Structure formats: structure tokens, C-alpha cells
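Student: Take this sequence and fold it.
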Amino acid sequence: MYINKLGKKIELIKGDITKLEVDAIVNAANSTLLGGGGVDGAIHRAGGNSILEECIKIREKQGECETGEAVITTGGNLPCEYVIHTVGPIWYGGENNEEKLLKNCYINSLKIASQNEIKVIAFPNISTGVYRFPKKLAAPIAIEAVKEFLNSDISIEKVIFACFDDENYEIYLDMNFH
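Tutor: The predicted structure is shown next:
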């Protein structure tokens, strides 16, 4: 576990984000917000219809969610109060601003968490599955974005990186959060 100068904690776990008893989890959503594969499908399945219903209302109000942006819904049947949905970038070789867009996913999710007085939030590995963002490039972007945000935010107390697969978990472990 990493603890910054303000006493904020960053923790690493290997496991299923849908099982975490935290204030909010982040969903690596697609722009439609209507569910999909990977963690997105798992969150929608575990959370039930209320998440999808709120996502539909958000779409009716603002349209699709842009890459790097984030929105918030209920946690539905999940053991968390909220789900923050963010749309990660598809990897096109690094030529389409993918690194900045990925950083924005973390920053914008944390901004929404702070605005909603969320104390503990868990992130999956955004964009490293079907969106093909290189895992060894994504991990330091995620960690640095979270550290940067926590150094100026006073409301969030803990951020958890929940790695579902061994490869991501080992990459994060190797970084030691320092």
C-alpha cells in the first residue's frame, strides 16, 4: 500500500471489482453506456437493471459518453453505492492522444467521486482488455493520475486498483506505488 503526504492510501488487490464493498467502483464502459464485454458486462450483470436504466437516462440527456469523460449512476445490486462509468481510449499505436485520454478517465472519475463525497473508490484496469492499451504503459499512467489527484483533493481517502488478471496485478506490484 502507498500512503501519500496527506495520508491518502492507494491499495492494490487481485480480484473481482463487482464484489468490493466500497463507496464506488469505476466501470470501463463503452461510449453507449449500455453494457458490453469484460468488466463493463460484469458490472451491468451484477448491478442489475437500475444501472442500465440510469445509463439510458444519461444518454437521453447528453448523448453518448465521450472518451476520457465519466458519469455516475447507482450501484444497483452491487455492494457499492455508486458506479462511475468512464470511456477509455482504444489503442491505435499511441498516435491518437490515447495516453492523455486514459489519464482523463482517472482524473474525471476522481472528480465525480469527490463531488459526490465518495471516500473509497476502486478502479479496474481501464482500456487494457479489448481496447488493447498496452498494460505496461497503462499502469504508470493510472498510478500517476491518481497520485496527482490525491495530492490536492481533501475528500477521497482511499483508491483501490482492482486487477482481475495476473498480468496486470504483477505489473502494478512491480511498480511498488512509489
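
Student: okay, now residue 141: neighbour count?
Tutor: Close neighbours of residue 141, defined as other Cβ atoms under 10 Å, add up to 20. For every residue, glycine as well, the C-beta is placed using N, CA and C.

Student: what mean pLDDT would you report for the helix or strand containing it?
Tutor: Under the criterion of DSSP states H and E, residue 141 resides in helix 135-150. In this model, helix 135-150 has a mean pLDDT of 96.

Student: ok, now stretch 32-50?
Tutor: Here stretch 32-50 scores 95 as its mean pLDDT.

Student: gap between residue 95 and residue 89?
Tutor: 11 Å (Cβ to Cβ, to the nearest Å).

Student: for residue 161, same thing?
Tutor: For residue 161, the distance to residue 89 equals 18 Å [Cβ to Cβ].

Student: cool, and residue 35?
Tutor: Taken as Cβ to Cβ, the span from residue 35 to residue 89 is 19 Å.

Student: List the residues that contact residue 98.
Tutor: Neighbouring residues of residue 98 by Cβ atoms under 8 Å, 6 or more residues apart in numbering: 89, 90, 91, 92, 127, 133.

Student: For the last one, give me its contacts.
Tutor: Counting by Cβ under 8 Å, 6+ apart, residue 133 makes contact with 88, 89, 90, 91, 98, 102, 126, 127.

Student: Point out where this structure drops to low pLDDT.
Tutor: Along the chain, segments meeting pLDDT under 70 span 5, 177-178.

Student: Next, format the contacts of residue 133 as JSON lines and append distance to residue 40.
Tutor: Formatted as JSON lines, those follow (distance: Cβ to Cβ, whole Å):
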{"residue": "88", "distance to residue 40": "10"}
{"residue": "89", "distance to residue 40": "15"}
{"residue": "90", "distance to residue 40": "14"}
{"residue": "91", "distance to residue 40": "17"}
{"residue": "98", "distance to residue 40": "18"}
{"residue": "102", "distance to residue 40": "16"}
{"residue": "126", "distance to residue 40": "10"}
{"residue": "127", "distance to residue 40": "11"}
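
Student: Residue 95 and residue 89: which has the busier surroundings?
Tutor: Comparing residue 95 with residue 89 by neighbour count (other Cβ under 10 Å), the higher total belongs to residue 89, at 24 against 7.

Student: Need the phi and psi values for the more buried one.
Tutor: phi -80, psi 150 (degrees, to the nearest 10).

Student: For it, give its distance to residue 13.
Tutor: 24 Å.
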